[in-house]
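Trainee: compute the structure for the input listed below.
(3 chains, ligands or ions: 2)
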Amino acid sequence: MPSWLRNSRLLVHAPLFIAIWLVLSRLNVMVEPLMSYYLALAAMYATAMFGMVILVGLSGQVSLGNGALMAVGGYVFAVTSLNWQTVPILGMQWNAVWSVIFAGLGGVIAGLIIGLLAARLRGPYLAGLTLGIAVGLPSIAARFPGLLGGSQGLMLTVPYPEGGYATDTAAAIDAAVESDAAALDLALSGTSPVPSDASSGSSDMLTPSDVTGSSSPSDMLTPSDVTGSSSPSDMLTPSDVTGSSSPSDMLTPSDVTGSSSPSDMLTPSDVTGAGSSASADPVPMPSASAISSTPSGTVTDAGFILEQWQASVSIAVACIAGFVALNLVRGRQGRVWKAVRDDPIAAALSGISPAASKVSAFVVSSLFAALAGAVFAQILTYVGPGAYGVALSLSLLVGVVLGGRGSLVGAVIGAVLLVGLPAAVSNLAGDRGWSDQVTNNLPTLAYGLLLVLVVLIAPGGVMGLLGSGWRRLTTRR
Amino acid sequence: MLEVKQLSVSFGAVRALDAVSLIVPRGEVTAVIGANGAGKSTLMRTLAGLVKPESGSAELDGAVVTGRSPEDIVRTGMALIPEGRSTIPELTVEENLHLGGLWRPSAERKATSAEIYDMFPVLAERRRMRSDTLSGGERQQLAIGRALMCDPTCLLLDEPSLGLAPLIVTQILQLVNQLAREKNLAVLLVEQNAVTALRVATTGIIMNLGTVVRVGTAEEIAADDELRDAYLGS
Amino acid sequence: MTTFIDYLLGGFSSGAVIALFALALVLVWRSTRIVNFAQVGQAMFTTFIALIVQQATGSWFLALLAGLVAGAILGLIVYALVLRPVQRLDTSGSIIATFGVLISLQALAAMIWGGEPQSFPPPVANDGLEIGGRIWPISWYDVLVYVVTAVLVVALTLLFTRTSLGLSMRASAFNPEVAKLSGIRVNRMLAFGWALAGVVGAVAGVLIAPTASLSPNSFDILLIFAFTAAVVGGLDSLIGAVAFGVGTGLVLALVTGYGEAGDAPIVVLILLAITLVVRPGGAFGRGKSRAV
Ligand SMILES: Nc1ncnc2c1ncn2[C@@H]1O[C@H](COP(=O)(O)OP(=O)(O)OP(=O)(O)O)[C@@H](O)[C@H]1O
Ligand SMILES: [Mg+2]
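Mentor: Ligands and ions are numbered 1, 2, ... in the order given. Here you go, the predicted model:
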């Protein structure tokens, strides 16, 4: 292929993604903060799943451990942004940007190591190794309470809102609308007698656990977690933090921390976030109507809404990742990955190194995972082993399978489903008079059954269904 | 006697068998020859129940076998020795052999296996060893032995000569011929190596592109140079 | 030195249960070339059923029996409804499907029985035995676990090596086509393999429940450990699964004894990674005899 043609592909893709970015950014400032929060999560998932599409779909390597690679990104982001102060450039502190770059680098290195380990492994052995990584890697953090915050994780009060991190894209784009939004939000919090209570109340609604998150206290089954007075959930209850009125109230660590207790690893609630029981004090699972009718949002010192700002970062990263992924998939490297997946021997005979191809797929997917992990950290304003557990890895797999394994658009659909499905299911369950025990676990059950059904009935996921529907339509004529 | 009537098989758009009819009498070897992709293996696999036919039927001594599962077809007395290595390397020689008759009462099974060990002394010597320690020719003997374990009336052999030295091929085919006569078996033998196959066969059938193009006595077909040039390219 | 021995002794018991789970994984792998990630979910579910029977009848033995039956039935159901249709698909398909089953079972269990950990009373005392004026980290219950595990392993080995059924199962696993051509009802054998694995998993669940309380997720970590043991053992080898299952239990006991409980997953990961780097097909994999 002549080089000008390859360049023209870049030329076509670049405006496409700029357009998508503009539309999403616009959307972000038009909707309620809660929707912005969902948008942020969906974009974050999409970023990680672009990597999964390349790894699982194109390169044919099933990974159960990309959540752990997200942890690498999240932790690198947290540690660098907490501990390093960069020199201001053009009057701006580019801390966050640097931290994201470092997170990406960390992801590349981790991907290289794991890829080298994994390239020789087939099917179940690879699945086993990656599952081990999903379990083992995040618990390394527990080993370093000083630097990595141990099993309680690290709060990310920095570099937001003061510091340069806040002054990028969001502020520029949202400038027109932000004053309105801020005004709206101020008005809303004004109606509440105790603002901090309002925000901590909404924090329950908005726990990451609604979508990804981790365990309710009841899920922690190790004796120390149940009985011990120093379990993470006790230490960082919302009430302990509210006083400081930091933005982190929104997403209390206790909802995310979980614990590194073995029993948490594959909680159904880990995938969807519903508490798996109706015990004394689980995180209340709000009904969907409650969610959609509850405006929230914290006005930051910089004068705009936390969720909007988080979403704008997440969207920007997702658009860049999507642009890179599309060029890789449509380009030479994409064909190399597919060739090795379909017939490694033939590929080797035509001069492609299957091992190098597999490792490169791991590196790319790990890069995307790490970027998503960094974004996730700033959405949660927290990093911890519980937030990046096996559940996260599995939700990535769920999303990619639901959307359609080999398709980037499918990854986006999967991301939207991951965020939207729990709410949709609890909406459906609505007022049937079922007990919490049932309704809280419905989304998880839906995920499980959907996984099975998709594999059985529509192995191509949503994209596969759309494709065959389209083909049927067009051949009818 | 095996009687195949108008058997057709398609794989998607590919018509692998197109209305194939043939008769395999007992007590003799009937050879099917044809170039690569002629549909020989498909014919055998369809008869054994591994491939579902689109239309047509096959009857073994009057009982319809088409449409039944491979497990049931074996029980009616028809055994296929598939193309390629059909012994299981992870199992011992004895286990491979016994496999063929596991559905039979154990007394009968033991009697048959004793008979087969007599026929193939090499297998008796190696009975406790893993079957992948056998040579190619010995492995083919083991595969034939396994097929015989079900006490068949009809034997289907798909290219037993594949990958074997000419001398061994001759031995194996002679053995097949002897089996057909002594045990009064209906033997359908698929071969690409026409000359050797026709030497042990009574009847020759030439297939091309999924159809039977010629049926005749083995001598007739072996003598017909025109046929050879047209379909066998040798 | 005595603490070292204490840790080791303590490790045997959990090692035995890990070995049983690994055995269940191997049984499924041998019959259908699928790693059943839902195995611990099935075990959890059947252990809840056993607990109900235990509470209703007060008999541990009846509970075990109910668990076994439920395990076999659940194994059959999962195989027939999910995996048999999926078999023709790629490995990724089966891995994803078994995870779907795992997630569904856990959600169902949480719906029915709640997420609260429940205790499962042991049939015999679970206190350390006093021998020679010293209390050892072994109880009568541990002895029961050893005995049941040993009996199960011996019975399975005999089944596979000495019986026609075992030979049929192995042939169906190694080469379904040749097995079919030999008259073996392959689908039945594969289903039987799943049922058998369900039984072994159920036994493991009922055995571990008294020492680790029972909840929808309480066996999750065991999946990782059992998987590691099975993979390190080569996935095909019963002996390998048992040996490395017990080995994993011992390593974990030492790690938690001398280090912290939280380190266990890391150590297991390192163990797994090293084995797979040295032998990508598992320590007992390809090349060595798979006769047992
Ligand atoms: N499972 C299958 N799916 C699709 N096409 C098939 C299948 N099996 C056979 N075919 C096609 O059917 C045709 C006949 O194949 P078959 O194996 O019967 O030929 P053959 O005569 O045995 O050839 P050879 O001498 O090379 O063994 C070929 O075109 C082949 O590609
Ligand atoms: Mg053939």
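Trainee: quick one: distance of the helix or strand containing B:E59 to the chain centre.
Mentor: Remark: B:E59 resides in strand B:55-60, with elements defined by DSSP states H and E. In terms of CA atoms, centre = their mean, to the nearest Å, the gap separating the centre of strand B:55-60 from the centre of its chain is 17 Å.
Trainee: does anything pack onto that strand? Which helices or strands?
Mentor: Contacts defined by 3 or more CB pairs under 8 Å, 6 or more residues apart in numbering or on different chains; DSSP states H and E place strand B:55-60 against strand B:2-11, strand B:14-24. (C-beta placed from N, C-alpha, C; glycine too.)
Trainee: what about the shortest one, average pLDDT?
Mentor: Put plainly, it is strand B:2-11. Across strand B:2-11, pLDDT averages out at 94.
Trainee: tell me the buried residues in that strand?
Mentor: Residues of strand B:2-11 classed as buried by neighbour count (16 or more other CB atoms under 10 Å in any protein chain shown): B:2-5, B:7-9.
Trainee: ok, back up a step: of the helices and strands packed on strand B:55-60, which is nearest A:P385?
Mentor: Closest to A:P385 of these is strand B:2-11 (CB to CB; 51.9 Å).
Trainee: residue 45: neighbour count?
Mentor: Here I'm looking at chain A. 31 (other CB atoms under 10 Å in any protein chain shown).
Trainee: my bad, chain C
Mentor: Residues near C:F45, counting by other CB under 10 Å: 27.
Trainee: could you find the closest non-adjacent residue to it?
Mentor: Excluding the flanking residues, the one nearest C:F45 by CB to CB, 6 or more residues apart in numbering or on different chains is C:L105, at 5.2 Å.
Trainee: tell me which element the one you found falls in.
Mentor: Taking DSSP H and E as the criterion, the element that holds C:L105 is helix C:91-113.
Trainee: just checking, next helix/strand downstream of that helix?
Mentor: In N-to-C order, the element after helix C:91-113 by DSSP H and E is strand C:130-131.
Trainee: in its sheet, what does that following strand sit against?
Mentor: With DSSP bridges as the test, strand C:130-131 is paired with strand C:134-135 (antiparallel).
Trainee: residues in contact with the partner strand?
Mentor: When contacts are defined by CB atoms under 8 Å, 6 or more residues apart in numbering or on different chains, strand C:134-135 is touched by residues C:128-129.
Trainee: can you name the element that comes right after that strand?
Mentor: helix C:140-162.
Trainee: could you confirm whether that following helix reaches chain B?
Mentor: No: using CB under 8 Å from any CB of the partner chain, helix C:140-162 stays clear of chain B, with a minimum separation of 9.5 Å.
Trainee: buried residues, that helix. List them.
Mentor: Buried residues in helix C:140-162, counted by 16+ other CB under 10 Å: C:141-142, C:144-146, C:148-149, C:152-153, C:156, C:160.
Trainee: who's in contact with the residue nearest to C:F45?
Mentor: Here C:L105 is in contact with A:448, C:38, C:41-42, C:44-45 (CB under 8 Å, 6+ apart).
Trainee: same thing but 10 Å
Mentor: By CB atoms under 10 Å, 6 or more residues apart in numbering or on different chains, the residues touching C:L105 are A:268, A:445, A:448, C:38, C:40-46, C:74, C:78, C:216.
Trainee: kindly report the same for A:A141.
Mentor: For A:A141, the contacting residues are A:71, A:74-75, A:147-154, A:260, A:383-386, A:388, C:262, by CB under 10 Å, 6+ apart.
Trainee: select, out of the helices and strands packed on strand B:55-60, the one closest to ligand 2.
Mentor: For ligand 2, the closest of the helices and strands packed on strand B:55-60 is strand B:14-24, at 10.6 Å, according to CB to the ion.
Trainee: near ligand 2, which residues of chain B?
Mentor: B:41, B:83 (CB under 5 Å from the ion).
Trainee: again, only using 8 Å
Mentor: Within chain B, the residues that sit near ligand 2 (CB under 8 Å from the ion) are B:36, B:40-42, B:44, B:83, B:158-159, B:190.
Trainee: which residue comes closest to A:C319 once chain neighbours are left out?
Mentor: Nearest to A:C319 is A:W21, by CB to CB, 6+ apart, at 4.2 Å.
Trainee: is that neighbour in a helix, a strand, or coil?
Mentor: Secondary structure for A:W21, judged by DSSP: H, G, I helix; E, B strand; the rest coil, is helix.
Trainee: could you report the distance from it to A:A40?
Mentor: As judged by CB to CB, to the nearest Å, A:W21 and A:A40 stand 14 Å apart.
Trainee: next secondary structure after the longest helix belonging to chain C?
Mentor: Assignment by DSSP state H gives helix C:2-32 as the longest helix of chain C. Going down the chain from helix C:2-32, the next helix or strand is helix C:39-57, by DSSP H and E.
Trainee: could you name the helices and strands sitting against that next one?
Mentor: Counting by 3 or more CB pairs under 10 Å, 6 or more residues apart in numbering or on different chains; DSSP states H and E, the packing neighbours recorded for helix C:39-57 are helix C:2-32, helix C:60-78, helix C:91-113, helix C:186-208, helix C:220-232.
Trainee: also compute the angle for that helix relative to helix C:2-32, please.
Mentor: 110 degrees (axes from the mean of the first three to the mean of the last three CA atoms, to 10 degrees).
Trainee: what bits of the stretch 151-300 of chain A have low per-residue confidence?
Mentor: Where the stretch 151-300 of chain A drops to pLDDT under 70, the residues are A:157-300.
Trainee: element containing the spatially closest residue to C:T3 that is not a sequence neighbour, please.
Mentor: Among residues not flanking C:T3 along the chain, C:G257 sits closest, at 7.1 Å (CB to CB, 6+ apart). Assigned by DSSP H and E, C:G257 belongs to helix C:238-258.
Trainee: can you pull the buried residues of that helix?
Mentor: Across helix C:238-258, burial judged by 16+ other CB under 10 Å covers C:238, C:240-256.
Trainee: now it: average pLDDT?
Mentor: On average, the pLDDT along helix C:238-258 is 88.
Trainee: just the element for A:V12, please.
Mentor: Element membership for A:V12, per DSSP H and E: helix A:3-30.
Trainee: ok, A:L24 - contacts?
Mentor: A:39, A:42-43, A:311-312, A:314-316, A:318-319.
Trainee: which ones among these map onto helices?
Mentor: Short answer: the contacts of A:L24 in helices (DSSP H) are A:39, A:42-43, A:311-312, A:314-316, A:318-319.
Trainee: list buried residues within these.
Mentor: A:39, A:42-43, A:311-312, A:314-316, A:318-319.
Trainee: need the residues you listed in a markdown table with distance to B:T196 and pLDDT, can you?
Mentor: Below are those laid out as a markdown table (distance: CB to CB, whole Å; pLDDT from 0 to 100):
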| residue | distance to B:T196 | pLDDT |
| --- | --- | --- |
| A:L39 | 73 | 91 |
| A:A42 | 68 | 93 |
| A:A43 | 69 | 93 |
| A:A311 | 76 | 86 |
| A:S312 | 77 | 85 |
| A:S314 | 71 | 89 |
| A:I315 | 72 | 91 |
| A:A316 | 72 | 90 |
| A:A318 | 66 | 93 |
| A:C319 | 68 | 93 |
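Trainee: count of neighbours near residue 117?
Mentor: Unless you meant another one, I'm taking chain A. 21.
Trainee: switch to chain C, please.
Mentor: 22.
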